[in-house]
Every structure is written in C-alpha cells, then in structure tokens.
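Undergrad: no letters, just coordinates:
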C-alpha cells in the first residue's frame with residue numbers, strides 16, 4: 001500500500017508537468033504554422049498565383065525555357081528573381097499588437113493580395129534521397145497586406161490563421177507588397193526580339209515614309225547563306241555590303257522597349273496614334289516559323305497635341321523615342337531610337 005501511495009504521489013507530480021508540456025508543444029506548433037511564410041527551397045517552386053480583390057490576377061509558371069506569365073508571355077527575369085528571393089528570405093518581425101489586430105484583419109480582407117505557392121512534391125520520399133512519383137502540390141497560401149506605419153514592415157496572414165504578423169527581409173529597408181503585384185503589365189518581359197543569327201529564317205523591314213528602302217533578308221538554314229530582296233519592286237539585291245548586313249542580322253539578339261503604355265495612356269489617345277502613318281514595320285520569322293511583328297509610329301515632341309492625320313506632318317516629332325504595337329498588337333509600347341537605330345538603316349545603307 002505504501003508502495004502504491006508512492007507511485008500515486010509521483011504521478012500527481014508528473015501529470016501537471018506533462019500536460020503543460022503538451023499544451024506548450026501544441027501552441028508552438030500552431031505558432032509555427034501561422035508564421036511559416038518562407039519557402040525553404042525555391043528551386044522546386046513550380047507556379048505562383050497572385051490575385052487582388054479587384055479581379056486582377058497573374059499566374060507565373062516555371063518551364064524548361066524560363067518563367068511564363070499566364071502561360072503566354074515571357075517574364076522579366078529580374079522581377080522573378082526578386083520574388084523568389086523574397087519568398088525565401090522573408091521573416092516574421094513581430095506579431096501584430098492585439099489593440100490593432102481587428103483593424104488590420106478588416107483592412108486585409110478588403111485589400112489583401114492572395115498568394116498561392118505550388119511546389120514539386122513526391123508521393124514516395126525516403127530520407128530526401130529516394131524520391132518517386134513527383135506531382136505539383138499547393139504548399140503555401142497567404143495574404144499580403146499594407147505597409148506598417150514606419151514603412152519598414154508588411155502585414156501578412158497565413159490562410160486559416162487567426163493572427164496576422166509583421167514581416168520583413170533582414171537587411172532590406174522597405175516593404176514587400178510591390179513584389180507581389182497581381183498586375184499583368186508588371187511582370188511582362190520588355191524584350192521584343194531575342195534571336196541569335198542561327199535562329200533566324202527571315203527578317204523584313206518596311207519603311208512607311210520611304211517604301212523604296214524596304215527590304216527582306218532570307219537565311220538558308222542549311223549553310224547559313226542569305227539573300228536580300230527589295231520589297232519595293234521584289235528584285236534581288238546582290239551589291240550589298242556583307243559586313244554591314246551581318247551586323248544587321250546579329251543585332252536582333254536583345255532589342256527591348258522602354259515601357260508599356262497600355263494602362264498609362266488613355267485608349268482614345270492610343271487609337272489616335274495608331275491611325276497615324278506607320279514609320280517602320282519589322283517582321284522576324286524564326287527557325288520554328290514563329291513570327292515576331294513590330295509596327296511603329298512617330299511620337300510627337302509636344303504634349304497633349306491634337307494628332308489629326310491631315311496635320312500630322314506639321315507636328316514636330318520626338319527624335320529620341322517612338323511608339324510601337326507589339327505582342328500581336330496587344331501591347332502599346334514606348335521605344336528608344338538609341339536601342340533600335342542599329343536595325344533601322346534603309347536598303348541604300350547596305351548597297352555598295
């Protein structure tokens with residue numbers, strides 16, 4: 001009896017400690033789930049979906065040739081790198097104080113940006129060494145909110161969690177919300193032409209103001225030889241400078257526009273510009289028979305000027321920039337002559 005009493009006393013002492021430990025462990029696990037914003041290995045991230053409350057949304061998908069935007073457009077590599085770095089390095093700075101928690105949650109419900117992160121997972125994974133049957137798994141869902149009053153933190157909330165937190169990147173001064181933009185234009189690549197000589201089948205350039213200077217270059221994929229044709233009278237051109245022509249063909253490896261104006265310029269003004277005379281039309285066909293087409297227009301050097309066709313030639317033109325229609329006419333862009341001058345020489349420039 002005395003022996004049993006001894007065990008009972010020990011049990012009464014140990015039981016409260018065990019209960020306390022279990023509760024603390026559950027609390028710690030819950031806290032970890034509510035603060036697990038960071039992605040440990042971004043190399044296995046396959047897709048990121050970002051959406052706001054105003055029906056704006058984008059999907060970034062990793063492919064063998066890089067990241068695609070909405071499975072259609074090439075992306076800005078620097079912005080993708082910044083996003084992945086943010087998802088990897090993000091840390092919880094502090095919990096939101098109880099006194100302001102309700103207001104933060106209401107604000108986040110109104111303007112929060114939803115982020116879904118998908119990663120490669122395996123149905124069989126033994127010690128992270130033997131992995132079989134990969135599949136895509138939704139690994140994280142969280143909401144990105146406002147900036148903190150000191151502009152040094154960002155409110156974020158894990159889906160299903162009760163408590164929002166202030167997050168940051170150690171060593172970075174600023175807030176993180178702009179890195180999770182749901183706006184399509186913010187992610188598109190600015191590259192219009194990105195072709196090496198071996199990838200090109202043909203290039204034609206038409207001069208709207210000087211049609212006699214228009215020409216086309218066809219490249220033979222078997223031996224790399226090329227032929228030049230005048231588009232004005234469809235005659236073969238043989239007396240051209242081969243070095244100048246080679247420089248022209250190799251200048252399409254990295255041609256970019258300065259900015260996209262789709263949402264920056266009123267549609268009515270864009271339409272008005274598109275009705276003006278075309279200055280250049282560039283068409284490139286690559287080895288896969290995919291066509292890249294750029295149609296360009298003069299840019300007025302005067303702000304807010306009436307661009308009526310009959311008065312167009314009287315308006316001073318900008319000598320540094322011009323407009324263009326790119327990506328199958330979906331994007332109205334601003335271009336720099338500084339970048340494009342090397343491919344805008346007329347046919348007479350190449351003939352001896």
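TA: Yes, it's here. What you see is a predicted model, and the numbers here were worked out from it, not measured in a lab.

Undergrad: can you pull the pLDDT of residue 8?
TA: Note on residue 8: pLDDT of 54.

Undergrad: ok, now the one 5 residues further on?
TA: Per-residue confidence (pLDDT) for residue 13: 57.

Undergrad: what do you get for residue 266?
TA: 90.

Undergrad: before we move on, what about residue 22?
TA: So, for residue 22, pLDDT stands at 45.

Undergrad: and what of the one 10 residues further on?
TA: Per-residue confidence at residue 32 stands at 71 (pLDDT).

Undergrad: could I get the average pLDDT for stretch 204-218?
TA: Averaging pLDDT along stretch 204-218 yields 96.

Undergrad: who's in contact with it?
TA: 201-203, 226-232, 237, 245, 248-249, 277-283, 343-344, 346-348, 350 (Cβ atoms under 8 Å, 6 or more residues apart in numbering). C-betas here are computed from N, CA, C, even on glycine.

Undergrad: out of the residues you listed, which are buried?
TA: Buried residues within the contacts of stretch 204-218, counting neighbours by 16 or more other Cβ atoms under 10 Å: 201-203, 226, 228-231, 237, 245, 248-249, 279-282, 343-344, 347, 350.

Undergrad: so which of the contacts of stretch 204-218 are in helices?
TA: Mapping the contacts of stretch 204-218 onto helices (DSSP state H) picks out 245, 248-249, 347-348, 350.

Undergrad: what residues are up against the closest residue in space to residue 183 that isn't next to it in sequence?
TA: Distances taken as Cβ to Cβ, 6 or more residues apart in numbering put residue 56 closest to residue 183, at 5.7 Å, once the chain neighbours are dropped. Residue 56 makes contact with 182-184, according to Cβ under 8 Å, 6+ apart.

Undergrad: of those, which is the most crowded?
TA: residue 182 (20 neighbours; other Cβ atoms under 10 Å).

Undergrad: correct me if wrong: it contacts residue 55.
TA: No - with contact defined as Cβ atoms under 8 Å, residue 182 does not reach residue 55; the gap is 9.2 Å.

Undergrad: check what pLDDT residue 263 gets.
TA: 84.

Undergrad: looks to me like it is in a helix.
TA: No - assigned with DSSP: H, G, I helix; E, B strand; the rest coil, residue 263 falls outside any helix and is coil.

Undergrad: contacting residues around the residue nearest the centre of the chain?
TA: The chain has residue 187 as the residue nearest its centroid, 2.3 Å off, counting by Cα atoms, centre = their mean. Counting by Cβ under 8 Å, 6+ apart, residue 187 touches 58, 60, 69, 73, 75-76, 79-80, 181.

Undergrad: okay, now the sheet partners of the longest strand anywhere in the chain, with direction.
TA: Scanning the chain for the strand with the most residues, using DSSP state E, yields strand 130-147. In the sheet, strand 130-147 lines up against strand 113-126 (antiparallel), strand 154-158 (antiparallel) (DSSP bridges).

Undergrad: for the stretch 201-350 of the chain, which segments are assigned as strands?
TA: For the stretch 201-350 of the chain, applying DSSP state E, counting those that start in this stretch gives strands covering 215-219, 226-230, 236-237, 255-256, 259-260, 278-286, 291-300, 317-326, 331-336.

Undergrad: same check on the stretch 51-200 of the chain?
TA: 57-63, 66-69, 73-74, 91-95, 113-126, 130-147, 154-158, 165-168, 191-193, 200-207.

Undergrad: and the third one, how far out from the chain's middle?
TA: Same thing as strand 73-74. 8 Å (Cα atoms, centre = their mean, to the nearest Å).

Undergrad: likewise the fourth one?
TA: Its chain's average C-alpha position is 27 Å from that of strand 91-95, according to Cα atoms, centre = their mean.

Undergrad: again with the second one
TA: Using Cα atoms, centre = their mean, the mean C-alpha position of strand 66-69 is found 8 Å from that of the whole chain.

Undergrad: and the fifth one, by the same measure?
TA: Centre-to-centre, strand 113-126 and its host chain are 21 Å apart (Cα atoms, centre = their mean).

Undergrad: residues in contact with that strand: which ones?
TA: Contacts of strand 113-126 (Cβ under 8 Å, 6+ apart): 39, 41, 44-52, 87, 130-145, 177, 180, 182.

Undergrad: give me that answer again for 7 Å
TA: Applying Cβ atoms under 7 Å, 6 or more residues apart in numbering, the set of residues contacting strand 113-126 from outside is 39, 44-52, 87, 131-144, 180, 182.

Undergrad: PyMOL command for the buried members of those?
TA: If you want just the buried ones from those in PyMOL, going by 16+ other Cβ under 10 Å, the selection is:
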select buried, resi 39+45+46+47+48+49+50+51+52+87+139+140+142+143+144+180+182
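
Undergrad: pretty sure residue 185 is in contact with residue 261, am I right?
TA: No - judged on Cβ atoms under 7 Å, residue 185 makes no contact with residue 261 at a distance of 9.4 Å.
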